[in-house]
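Participant: What follows is a protein structure lacking sequence information:
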């Protein structure tokens, strides 16, 4: 009787296993994998546990190239460059960039959850997709909830990046019923007064396609972050080459909103501090 | 006409200002501050913008010593030790520990928000505190929402650390009406069947006292993290002294739940991959 | 007169550029890139600034699949799982893993620097490669400096992963003179007494091939970290599914090496503290 | 026979111990500590393992207030503000700031190591302190090594913050022979031609005093980081209040140094890519 079960041990994993002289990745000998599959396929294998089909790999390539980089207008890239200007380490720059993804950027997670949850409720209903979508838009509107993944400051009606990703997923056979429902909801939404121009944005479409490929919302976030890491590496490398230790915000960009004439002794006394807490007066005690 | 206003510049700060040869911290000359106030007072000054009274400083000392360290049973400490076993850097260890504070640990933020929000609704009502508290408990119970800061696996009726902190805040005159309301809600909660033993836990009391001291929920989280940093420094220093590069989870603690006999060539073919994607076959094309 | 020059502006970048409605990645319209190149090619484009040849892409695929994952015996993976057990966020897990790469793990950077520096000195010499390699090994031995990238606890003479990577680079025409010099140094090293069995390890070979592909040592570190991110995403996803908030080190794994009977009052008095620093006594002053 | 020894168990710690219902911090019952010692004393207790004397606590207060904050001219503060503008989390901001301490900022570690190492060599010599200092300066000069902690762009001869810290350490009896040696080396250094004006800077003096208080170089770094955390909390709180999601570098601050007219199809063909790698052409194969 072995006790090697998930229930008996504190940790359990099925990602990989190290034995004497061998590493198995999701069951495959690492030595067989090296050089024998595109990195995109390795990504799919590691996260989903199975090799992708070529079509899935191409769609995943599409998702991974849907953002790539955004100059110095992505907070994580800038945080990384500031961080390494003080602590010149690639690992530090990449960590700073990872940390800077959340509520306000690359938030595929919210849309993915919306797509998954909405679809589950649709399947539990006995409505047609169109009817369900219209009811859902009404409900969200009355609850004053915004629908994640809709709208872009620049693009009206169509976000071209989203359109390309959608076409790719459809042409490779990776478009699913949940994705169709999300589009039906978008269609119902654009029927509202003043909403005709609102597009599904790139993050919304990435999220939808990631769900179609079978990734959880959190895994989708991981892939969105991963897709921007090559750009971060490039920016950190550029920062090292720039030789600008200790980046700052130039003073003329900052409103320093504080007086500079407070009196410590007076204010401390007024706050009730007695001299015996203070090192300078210690001889007087 | 100067354009040095918050509206004109992209950044604004009132924390400190650097000029040629001088640094002003919340308006005080740094040279006056050095050695002239306890670090706890500096913490209060920096975050709240004003010197604390001695009473406020003592209560803040109490909050900052309410947790301190938790052996190897706090995830952030362990994450820090693993991280530096690979990348021996104090900054890295501290960052890893900061990151490991959130929903499941040291979550003063939720309780602080609850205290602030509940109090605002109480003030907008015309109920007595007791009546409001009872109505609130009913409402939350029906909505099946748990009340943050209640309950501890070990302590029944009273969490001794919470009790000490509460006494300190009361004796120093830093106990406020929102804190009283939180206690009234706790009292109403313990009237529910089977709930008599549920204590306000240490994190709940820290959060309440932090609100009483005037800190925002997010600042409270910052102080909770700060309070554990000395312990993290100690653990990282201990890890360096241990000379154990590359910590692992010992194999007998892990259930490796994967087969190790998958065949790449066969599975790749079955997934539809053609040889021309593969480097080994490139000469045959 | 335009002032749009690197010299005039505080920041400069050539990675990407955002304009109204368009993003250009290393000069290409993002809309052209989406779905039109494998992620590996996008990685090369972003970091090196140019599209790779198919051979370069295949060799880079090889480097990116040379490690992939290492169960729970890689500190960064474990740090990530501990971190997210407290703060359930994919971004946090990935950041914790990035941070845990350094001196003791995945340290391609040292080897890449060694390869580049040694090759520069070789080119400046007028020695044959064999003579230079022998002299270099002698010199390093006398200086008691170890050569980075040599040796593996498990593999004698040949690390099979390194061998596969080397074959791939050679067969794709991505093997360079600096790589040959590193092998010549290895050959000279194995002539030393007792060193015949020492192999070039996988990290050493990754570093060598990364230099052959034209990446700087820091970029190589970035790629080594990137190559392990899919595994980190998989582990964090697994950790979320495990529902084990607040991971700890089980108590029977820890030697708690401290007494538990110190007396604060006595020790504080012995250390010279007067009661007036202490809140409890404040009324007595 | 118990097996509870450091040798038998994978982990060992003497920082704190959790038992049923009690936490012991360096041997003291946490319940005794709460509110009964200033946070500075808790910091000393946790890191050094013993309570400080009041003098040591005051000097540590001095070190902890020697920097405090530096407006938007400290990279870590700016990195934190960028990070939370995307991912609004206090833990994330603090982690980003921790990461941004290293080679180019707050590098007390180098100076502390220099002080410790130099003093060890001095004790092993039979020279007077003055003679040793002069020889050391000569040696370092010939080796073209800079001495850490010397020089400030603004302050000539004396850095006032360093002077205050030094006075505090001396007046509290926390000035040691290694600190005297560092000053002797500084005195010898200023005898060199053109060096008379070079001051010991604030970071150099912090490092020296941290060594005098018994902290290791790495612990000193930890304390330097800790000392800036209140400011980071203040800045992150300010950033949340600013409601500026997604901070960027304004475009007029950036030299975007890339063409925007590259042709993917042409370049890809020129690089040798065949159509079968490309999703768009898949139907033609």
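Facilitator: Thanks, I have the structure now. These figures come from a predicted structure and were not determined experimentally.
Participant: and the lengthiest helix in chain A, does that touch chain B?
Facilitator: Longest helix in chain A by number of residues (criterion: DSSP state H): helix A:217-242. No: using Cβ under 8 Å from any Cβ of the partner chain, helix A:217-242 stays clear of chain B, coming no nearer than 13.3 Å. For glycine as for every other residue, the C-beta is placed from the backbone atoms N, C-alpha and C.
Participant: The helix or strand that that helix is followed by - contacts with which helices or strands?
Facilitator: Where DSSP states H and E defines the elements, the next helix or strand beyond helix A:217-242 is strand A:254-256. Judged by 3 or more Cβ pairs under 8 Å, 6 or more residues apart in numbering or on different chains; DSSP states H and E, strand A:254-256 is in contact with strand B:11-13.
Participant: Now whatever helix or strand comes next after the strand it packs on: average pLDDT?
Facilitator: Toward the C-terminus, strand B:11-13 is succeeded by strand B:16-19 as the next helix or strand (DSSP H and E). Computed over strand B:16-19, the mean pLDDT rounds to 94.
Participant: what sits up against strand B:16-19?
Facilitator: Residues outside strand B:16-19 that contact it (Cβ atoms under 8 Å, 6 or more residues apart in numbering or on different chains): A:256, A:258, A:260, B:23-26, D:68-71, D:73, D:231.
Participant: Could you export those as TSV, including secondary structure, neighbour count and distance to residue C:44?
Facilitator: As requested, the contacts of strand B:16-19 are arranged in TSV below (DSSP: H, G, I helix; E, B strand; the rest coil; neighbours: other Cβ atoms under 10 Å in any protein chain shown; distance: Cβ to Cβ, whole Å):
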residue	secondary structure	neighbour count	distance to residue C:44
A:256	strand	20	44
A:258	coil	18	48
A:260	coil	16	51
B:23	strand	22	45
B:24	strand	23	49
B:25	strand	28	48
B:26	coil	25	49
D:68	coil	25	45
D:69	coil	27	42
D:70	coil	22	39
D:71	coil	25	40
D:73	coil	19	37
D:231	helix	27	41
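Participant: Lowest-confidence one in the residues you listed?
Facilitator: Out of the contacts of strand B:16-19, that is residue A:260, at 88.
Participant: what's the nearest residue to that one if we skip its chain neighbours?
Facilitator: residue B:24 (4.3 Å; Cβ to Cβ, 6 or more residues apart in numbering or on different chains).
Participant: surely that neighbour meets residue B:30?
Facilitator: Yes: using Cβ atoms under 8 Å as the test, residue B:24 is close enough to residue B:30 to be in contact (7.0 Å).
Participant: Flag the shaky bits of the stretch 1-150 of chain A, pLDDT-wise.
Facilitator: Along the stretch 1-150 of chain A, segments meeting pLDDT under 70 span A:1-7.
Participant: Output the set of residues of it in proximity to chain B.
Facilitator: Residues of the stretch 1-150 of chain A lying close to chain B (Cβ under 8 Å from any Cβ) are A:4-6, A:8-17, A:19, A:22, A:24, A:26-29, A:32-33, A:35-38, A:50-55, A:87, A:91-92, A:95, A:99.
Participant: Show the contacting residues for the residue nearest to residue A:260.
Facilitator: Listed by Cβ under 8 Å, 6+ apart, the contact set of residue B:24 reads A:258, A:260, B:16-18, B:30.
Participant: got these as CSV, with distance to residue B:249 columns?
Facilitator: Formatted as CSV, the contacts of residue B:24 follow (distance: Cβ to Cβ, whole Å):
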residue, distance to residue B:249
A:258, 49
A:260, 53
B:16, 43
B:17, 48
B:18, 46
B:30, 46
